[in-house]
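Visitor: model the structure of this input:
(6 chains, ligands or ions: 3)
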Amino acid sequence: MPPLLEAIQISFLAMIVIFLVLGILIGVIKVLVHFLPYVEEPAPPVRTQSPVAATGAFQEEDHIAAIHAALAHHLGKAPQDIHIQHITSL
Amino acid sequence: MPPLLEAIQISFLAMIVIFLVLGILIGVIKVLVHFLPYVEEPAPPVRTQSPVAATGAFQEEDHIAAIHAALAHHLGKAPQDIHIQHITSL
Amino acid sequence: MPPLLEAIQISFLAMIVIFLVLGILIGVIKVLVHFLPYVEEPAPPVRTQSPVAATGAFQEEDHIAAIHAALAHHLGKAPQDIHIQHITSL
Amino acid sequence: MNFQDAINKILHSTGFATIEPGQGLMIVISLVLLYLAIWKKFEPLLLLPIGFGCLLANLPLSLMANTDEGGLFNFFYYGVKHQILPPLIFLGVGALTDFGPLLANPSTLLLGAAAQIGVYTTLIGAVALGFSLQEASAIGIIGGADGPTSIFLAAKLAPHLLAPIAIAAYSYMSLVPLIQPPIMRLLTTEKERQVKMEQLKPISQTVKIIFPIASTVIIVLMLPGVAPLIGMLMLGNLFRECGVTARLHETSQTHLINIVTILLALAVGSSMTAATFLTWSTIKIIILGLAAFCVATAGGVLFGKLMYVISKGKVNPLIGSAGVSAVPMAARVSQKVGQETDKSNFLLMHAMGPNVAGVIGSAVAAGVFLSLFGSGDAGAGHTAIEALKTITASLGQ
Amino acid sequence: MNFQDAINKILHSTGFATIEPGQGLMIVISLVLLYLAIWKKFEPLLLLPIGFGCLLANLPLSLMANTDEGGLFNFFYYGVKHQILPPLIFLGVGALTDFGPLLANPSTLLLGAAAQIGVYTTLIGAVALGFSLQEASAIGIIGGADGPTSIFLAAKLAPHLLAPIAIAAYSYMSLVPLIQPPIMRLLTTEKERQVKMEQLKPISQTVKIIFPIASTVIIVLMLPGVAPLIGMLMLGNLFRECGVTARLHETSQTHLINIVTILLALAVGSSMTAATFLTWSTIKIIILGLAAFCVATAGGVLFGKLMYVISKGKVNPLIGSAGVSAVPMAARVSQKVGQETDKSNFLLMHAMGPNVAGVIGSAVAAGVFLSLFGSGDAGAGHTAIEALKTITASLGQ
Amino acid sequence: MNFQDAINKILHSTGFATIEPGQGLMIVISLVLLYLAIWKKFEPLLLLPIGFGCLLANLPLSLMANTDEGGLFNFFYYGVKHQILPPLIFLGVGALTDFGPLLANPSTLLLGAAAQIGVYTTLIGAVALGFSLQEASAIGIIGGADGPTSIFLAAKLAPHLLAPIAIAAYSYMSLVPLIQPPIMRLLTTEKERQVKMEQLKPISQTVKIIFPIASTVIIVLMLPGVAPLIGMLMLGNLFRECGVTARLHETSQTHLINIVTILLALAVGSSMTAATFLTWSTIKIIILGLAAFCVATAGGVLFGKLMYVISKGKVNPLIGSAGVSAVPMAARVSQKVGQETDKSNFLLMHAMGPNVAGVIGSAVAAGVFLSLFGSGDAGAGHTAIEALKTITASLGQ
Ligand code: NA
Ligand code: NA
Ligand code: NA
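Guide: Ligands and ions are numbered 1, 2, ... in the order given. As a prediction, the model looks like this:
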């Protein structure tokens, strides 16, 4: 068989193999996605950000915690090692 | 000597060797700890957190320093390159 | 040739080679620096810190952005995923 | 002979005097690569160290060519010659890849397959230009637009062509934003380019975890020769998705891939010597590589048009060109060309599906070649060629 | 034969057809390992890549088994065969380990020694089940609950059993929270479990620096065969404590240990082939390993009871079980079982002493085996066996 | 023989009994190195693992010496023997180095050249003390104050002297703050020390990018033997300056250099055995190394005085001593001695120019030696020696 003809035939069959392999993969993915559908995780309750919370005490605690962590990092201590005892308005 | 008997004897002697080696280690540790006791380092004076300081000016400086560092990081500058000139109550 | 004499002559010629190589390097650097002079990049306008800005609204926005980023990091979210809706004086 | 003469002789003894024209030309080529990497940002993570490796390899008497026994880069080249480094790169690529868009729209895998048409037409072209089938395969894979896959296959099937193949692969990957848009515009109608695709559905974490395992099993069963590449790619992705190996994920996608990139790129660069690079083969490979990229782009877009028809206008054919891989640049090109027609059209995430599919597609294409031409007699490709010969023989009767 | 036949033949030519039953079973085992690693969080940093390595090694014709010359994992396995990778893991372990609790209460080293009773009873059991003394030693060390030590010793004394030994070691380490509590409850009285221990004294930095150096000198002088393990463990700890090598400490405990873990685990996984793994030996090793863990736990707790008596009730025997190592899980088990009886009892830090002592203890136990059975004729173990033979001979007279 | 005797025999069988006096002395030396590294902060990143490697190598029967086939450190030593590790260290050094001050004041390169006078006077001294020319070269390079360069050259020209050369190089680098100031004060007048230098001009990014490429081409063309060192140094610097390879820059200057440092230092330490280290050569090398450092400092300062004269008082000769490299300690010494005379004088940035020039200077000096004495017959040095012989012959006529 002349090489060019062989190359053409190889190309043709190789494309078939590729489509076959990737086609099987598609089937597997479809089966997987069908039987293991995405289920939205219940939002972690602690982190809910309702508009109300944003203005209320809870959110404020969160602010303080963030500053607490920043300070801990700044002071080079573990967060549990420092206790914010008083926060004055800057 | 039958293998099982040999195994038992080996086990027995090996336990002796292990206890011997670790026993020597214990002795060395005891000597080390005795002659090189822990001496509490004098607390770095700058970082003392007396309850009084926590409400006073010093602590506030510390807060500002922390925010200063956070800002420096945020602005992508070295801390010494920025100067907080005024802090308004948010 | 006695080894010591050889060593002395080698040392002498080696120093010449070193000065020659580094001398060429100096010439290349001088040419490079001459033809490719340093041009000051125009300062990025957004980050200018005029004394006025430091007390004004712009700087305050920057503070908020910094706290925003810190909070985002603290909450483990991407900065664009959280919206600060209200900031109360702590 | 006086002192003056000695100094003169020293001056004339430098490598400046002993340099050969081929080395001089290779040094110029290495400087061009460095220029493209640094100032044109052509895949700088690869082309900068490749260019620097080429520079050192061609400075006379430096013993830095890949073939200099005991030379530094000879040790690095060991990892290319034995196909150790490309799979480790793929470990990092897997750790960096999100197969989510592909899983949300699995039929985009077909676009990743269609883009491999560039691989096979180039194979035919290479044979027509006088290369052997093995060489032609290694050249064809340039159309797959995956550096590590190209290096892996070239090191196995045509090590003497490794340098131009690697250079062509990375160069054209950088040129994707120039090569693809005209072809994409030519082959699509404005109506097609305006198609807005449905938002991708989210995928459960379990599917994301099972996918790398399942695809490894399937692909390696069918094409065992590509096991190191596909295996490491999917292991990296498993590190990423499984949620319990954060340490290994982090290392794979940062310092491990970086270290391996440095070693691999220097080794590839050190193989760019005048003897292997300054040949007609190199020029043919450069031309064939460009053709491969163009055909691959066209193949992806045309298959996209087919999907547009079959899906009754739900698939924008512009995402087909992303099937060449060159992650994530080809996907960005789809996005950009899409927005030329309609500013509110966001194709990026849709193009990420065929984009990562292209990585798998090229690895599969390499697997077919390995089962056809590799040592051993393994896999679907091998039997395919046997079947082919039987058919041909029976047709000839 | 027509085209239809060709396609059919391709379909039948895949690895699906050539797969052997042993490979199929090994693939199932690899999937079980992946399941345990990902969903049951069984030592995922090791068992996930081990499982994936096993999967690739057993896909037919992939050439990914440790014995496939020129295969990718064959190169990784080089580092296991020559005992290069386990010491590098131990460098990271040392960098991650705080010997402070051990130094504050050095007698807990005896608990780390007592837990090695699991090693030696298993040795006897293994000999009873027909293993040679060398094999039995490598199996016994599973009771030491230290993966790198087990792999190091198995690679030296019984490389053909490496795979099941490594799997057993890491699996049972993961099962510590299930295996230990019943044994601990059975062997202790409520009064013993209620013991609250005195707070640990702080240790000077100087002692923390001298300890790794001194213990290296002592252990290697007495058991030179274990020098690579103990040496690298203590060097890592010295990087941590000395205060002047922060860079090396950081690298040792993050990216270096991560890279080595990936290579080591894939190499171990690639040694799990049907020929070496699907044997009666494996089943025996699995059973012996479980026994080793149980006896080790019992040994630690019983010695803890002895220390309770000697210390007149100051030592809580529950910390004894932590002597098996499996850092830090076994220490957490001590804490948890302690709190079942008294919620206000915090044993964690006290259990960290025997916990890290268990790491040293197992390495010492490995050293004894190496001096008994390793090449060369070095160390205390060797002379011990000579002395033993003399005794036996004299007794026999 | 009873049980008592057996235990006694075990006790006497430990390495304590088999240790040889040479090993004992080497262990003491290793402990001294650890002491200097940890408590005196003598180059701890190198001297700590070197000392620990030496300790392990000299514990009897540990098989941790560099020459123990199959031993752990024998594998690490492979990377020293084949000159793989020092260039990788230099990749990191380049990534960490800012050549800006050198480019702003290129004539400081001459100070880096002048400091190499320490290398050559030591060469003469070493020959006078009976070393061969090759050995003398490797010893002389200690005066270059660059660890990786010293190790690279010693591994090539005098591997049997590697250990004392490496130890001397790193020790004296640590002692720069003690060795240099008296020499600097002795050789300069108060007026000279008071010179305040003009502020350095900024350098364009383009020049910073072209410099590592251009200097590689020039130096390797003239001295090809040093290609691995200079090439990797400049590649690391190119990673740093080019702005498009941040990933590779980050890895080169952190975890890659750290990993290589650990392997290199342990390998060097493992070569410190009694047989190679406890010789008269070592003592001579220690003395010659000190002389080299002193002469190098003096050479830099004296050339600085010359530049002071030529520049009509614009150059402070104190920056000359920084030409020995030992980055950045020698530059800090210039700063400190300068401030002794005038508190408002800031020489640090000015001293960084000669400081990094010293790194290049020593590499160039190594290149001269390699072209003189290395295998092959390459480079300017080689022809220089030929010219020299011709001259000598003609003079002799
Ligand atoms: Na592709
Ligand atoms: Na243990
Ligand atoms: Na120097």
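
Visitor: from here on, contacts and neighbour counts on C-alpha atoms
Guide: Noted.

Visitor: so residue A:11: helix, strand or coil?
Guide: helix (DSSP: H, G, I helix; E, B strand; the rest coil).

Visitor: burial measure for it, as a count.
Guide: 20 (other C-alpha atoms under 10 Å in any protein chain shown).

Visitor: same check on residue D:331?
Guide: 29.

Visitor: pretty sure it contacts residue D:348?
Guide: Yes. Contact criterion C-alpha atoms under 8 Å: residue D:331 and residue D:348 qualify, at 5.8 Å.

Visitor: low-confidence stretches in chain A?
Guide: For chain A, applying pLDDT under 70 flags the ranges A:1, A:42-90.

Visitor: got the domain ranges for it?
Guide: A:1-39, A:52-90 (automatic domain parsing).

Visitor: not counting sequence-adjacent ones, nearest residue to residue D:24?
Guide: residue D:58 (7.6 Å; C-alpha to C-alpha, 6 or more residues apart in numbering or on different chains).

Visitor: just checking, the one you found touches residue D:271?
Guide: No. At 9.7 Å, residue D:58 does not count as touching residue D:271 under the criterion of C-alpha under 8 Å.

Visitor: shared neighbours of the two, which are they?
Guide: By the contact definition C-alpha atoms under 8 Å, 6 or more residues apart in numbering or on different chains, residue D:58 and residue D:271 are jointly contacted by residue D:65.

Visitor: distance check, residue A:38 against residue D:201.
Guide: Using C-alpha to C-alpha, to the nearest Å, residue A:38 is found at 8 Å from residue D:201.

Visitor: what does residue D:277 give?
Guide: In terms of C-alpha to C-alpha, residue D:277 sits 48 Å off from residue D:201.

Visitor: show me the shaky parts of the stretch 101-250 of chain D.
Guide: For the stretch 101-250 of chain D, no stretch is flagged by pLDDT under 70.

Visitor: show me which residues of it sit near ligand 1.
Guide: By C-alpha under 5 Å from the ion, the residues of the stretch 101-250 of chain D that approach ligand 1 are D:144, D:145.

Visitor: all helices for the stretch 101-250 of chain D, in order.
Guide: D:109-114, D:117-128, D:133-140, D:147-157, D:162-187, D:190-193, D:205-222, D:227-241, D:246-251 (DSSP state H, counting those that start in this stretch).

Visitor: follow-up on the earlier one: residue F:120 versus the residue nearest to residue D:24, what's the distance?
Guide: Between residue D:58 and residue F:120 the distance, using C-alpha to C-alpha, works out to 31 Å.

Visitor: give me the neighbour count for whatever residue of chain A ends up closest to chain D.
Guide: Per C-alpha to the nearest C-alpha, residue A:38 is where chain A lies closest to chain D, at 4.1 Å. Around residue A:38 sit 15 other residues, with neighbours defined as other C-alpha under 10 Å.

Visitor: hang on, it packs against residue D:202?
Guide: Yes. Look at residue A:38 against residue D:202 with C-alpha under 8 Å: they come within range, at 6.2 Å.

Visitor: the helix or strand containing residue A:18 and chain D in contact?
Guide: Following DSSP states H and E, the helix or strand that holds residue A:18 is helix A:3-35. Yes. Helix A:3-35 lies within reach of chain D by C-alpha under 8 Å from any C-alpha of the partner chain, at A:3-4, A:7-15, A:17-19, A:21-23, A:25-26, A:28-30, A:32-33.

Visitor: show me what that helix is packed against.
Guide: helix D:109-114, helix D:117-128, helix D:205-222, helix D:348-373, helix D:379-396 (3 or more C-alpha pairs under 8 Å, 6 or more residues apart in numbering or on different chains; DSSP states H and E).

Visitor: pick the most buried one from the ones you listed.
Guide: helix D:109-114 (a mean of 30; mean count of other C-alpha atoms under 10 Å in any protein chain shown).

Visitor: need the contact partners of that one.
Guide: A:15, A:18-19, A:22-23, A:26, D:102, D:296, D:299-300, D:303-304, D:320-325, D:353-362.

Visitor: list the contacts of the residue of the stretch 251-397 of chain D found nearest chain B.
Guide: Nearest residue of the stretch 251-397 of chain D to chain B: residue D:254, at 22.4 Å (C-alpha to the nearest C-alpha). Contact analysis of residue D:254 by C-alpha under 8 Å, 6+ apart lists D:92, F:247.

Visitor: from residue F:199, how far off is residue D:272?
Guide: 44 Å.

Visitor: from residue D:316, how far off is residue D:335?
Guide: Taken as C-alpha to C-alpha, the span from residue D:335 to residue D:316 is 11 Å.

Visitor: so for the two, which sits in the more crowded spot?
Guide: Using other C-alpha under 10 Å as the criterion, residue D:335 and residue D:316 rank with residue D:316 on top: 27 against 22.

Visitor: thought the more buried one was touching residue D:192?
Guide: Yes. Assessed by C-alpha under 8 Å, residue D:316 is found in contact with residue D:192 at 6.0 Å.

Visitor: identify the contacts common to the two.
Guide: D:305, D:308.

Visitor: remind me, longest helix of chain D?
Guide: helix D:280-310 (DSSP state H).

Visitor: so how far is that helix off the chain centroid?
Guide: The chain centroid and the centroid of helix D:280-310 are separated by 14 Å, computed with C-alpha atoms, centre = their mean, to the nearest Å.

Visitor: can I get the next helix or strand after it as PDB, trimmed to CA atoms?
Guide: Going down the chain from helix D:280-310, the next helix or strand is helix D:329-341, by DSSP H and E. The C-alpha trace of helix D:329-341 is given here as PDB (Å, rounded to 0.1, in the frame of the first residue of the first chain):
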ATOM      1  CA  MET D 329      -6.700  31.100  25.400                       C
ATOM      2  CA  ALA D 330      -8.800  29.400  22.800                       C
ATOM      3  CA  ALA D 331     -11.900  29.800  25.000                       C
ATOM      4  CA  ARG D 332     -11.200  33.500  25.400                       C
ATOM      5  CA  VAL D 333     -11.000  33.800  21.600                       C
ATOM      6  CA  SER D 334     -14.500  32.200  21.300                       C
ATOM      7  CA  GLN D 335     -15.700  34.800  23.900                       C
ATOM      8  CA  LYS D 336     -14.100  37.700  22.000                       C
ATOM      9  CA  VAL D 337     -15.300  36.800  18.600                       C
ATOM     10  CA  GLY D 338     -18.700  36.200  20.000                       C
ATOM     11  CA  GLN D 339     -18.800  39.600  21.500                       C
ATOM     12  CA  GLU D 340     -17.800  41.200  18.200                       C
ATOM     13  CA  THR D 341     -21.300  40.400  17.000                       C
END
